[in-house]
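In: quick one: sequence plus predicted model below, questions after.
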Amino acid sequence: EPEVTQTPSHQVTQMGQEVILRCVPISNHLYFYWYRQILGQKVEFLVSFYNNEISEKSEIFDDQFSVERPDGSNFTLKIRSTKLEDSAMYFCASSEGWAREGSSYNEQFFGPGTRLTVL
Amino acid sequence: QKEVEQNSGPLSVPEGAIASLNCTYSDRGSQSFFWYRQYSGKSPELIMSIYSNGDKEDGRFTAQLNKASQYVSLLIRDSQPSDSATYLCALQNTGNQFYFGTGTSLTVIP
């Protein structure tokens, strides 16, 4: 069964450094998403991506963050100048599509996540 | 204002019983609703989606949606110890933003 994959599973970095988190969405999916989950808190939407551009982003997704689809399979999240409070699980998800009125195409499937630890 | 609200629990049910999980939301324009299961330290796993008022059944799971009351629920029949997890209610608004609730912790007691 197709699945979303993410690398690395765990990333440790020093405060102020840049990190790139990688995701391979399900191959026939067109929409890609990044979420974060701080330990003990809820899953928070960061950004959605379609057709090589950002579709929607949350207030969390500021200039510190960027996303890219560098090739036909990978989808990346770059976090610049990491801060202690960026420590969290970061999940990538993908969906076949998106229908405003609601559809099974909207179903999002999550990868296993990358645990980011900022020291 | 919280977009999605869930009772954090914990909810405990005996094995074989029905577990009932509830969720309310604030954005009346939301059209897509989802239930995810999350085991500790793992990623959310999709259980069901629902878009129309009424019930939707899939195996032991039934999702219920009432848009007028802005209410979504999930029933788990014949609960098993392996169902013990945190259940996340999520919605997608008309702007393709996704909001999760804080989750309800369910424990199924053998």
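Out: Done, it's in.
In: what's the burial count for residue A:99?
Out: Neighbourhood size, residue A:99 [other Cβ atoms under 10 Å in any protein chain shown]: 15. C-beta: built from backbone N, CA, C; applies to glycine.
In: skipping adjacent residues, who's closest to it in space?
Out: residue A:105 (5.6 Å; Cβ to Cβ, 6 or more residues apart in numbering or on different chains).
In: so what pLDDT did that neighbour get?
Out: For residue A:105, the model assigns a pLDDT of 84.
In: doesn't residue A:94 make contact with it?
Out: No - using Cβ atoms under 8 Å, residue A:105 and residue A:94 do not qualify as a contacting pair, with a distance of 11.3 Å.
In: which one of those two has more residues nearby?
Out: Taking other Cβ under 10 Å, residue A:105 and residue A:94 do not tie; residue A:94 has more neighbours (25 against 15).
In: what residues does chain B have near chain A?
Out: For chain B, the residues in contact with chain A (Cβ under 8 Å from any Cβ of the partner chain) are B:31-32, B:34, B:36, B:42-46, B:49, B:51-52, B:88, B:90, B:92, B:94-103.
In: now, those residues that are in helices?
Out: Among the residues of chain B next to chain A, no member falls in helices (criterion: DSSP state H).
In: for PyMOL, what selects the buried ones among these?
Out: Of these, the buried ones can be selected in PyMOL as follows, counting by 16 or more other Cβ atoms under 10 Å in any protein chain shown:
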select buried, chain B and resi 31+32+34+36+43+44+46+49+51+88+90+92+96+97+98+99+100+101+102+103
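In: now, which of the residues of chain B next to chain A lie within strands?
Out: Judged by DSSP state E, these include B:32, B:34, B:36, B:45, B:46, B:49, B:88, B:90, B:92, B:98, B:99, B:100 as members of strands.
In: with adjacent residues omitted, what lies nearest to the residue of chain B found nearest chain A?
Out: Here chain B gets closest to chain A at one residue, residue B:51, 3.2 Å apart by Cβ to the nearest Cβ. Ranked by Cβ to Cβ, 6+ apart and with sequence neighbours excluded, the top spatial neighbour of residue B:51 is residue A:102, at 3.2 Å.
In: thinking again about what came up before, for the residue nearest to residue A:99, which three-state class applies?
Out: helix (DSSP: H, G, I helix; E, B strand; the rest coil).
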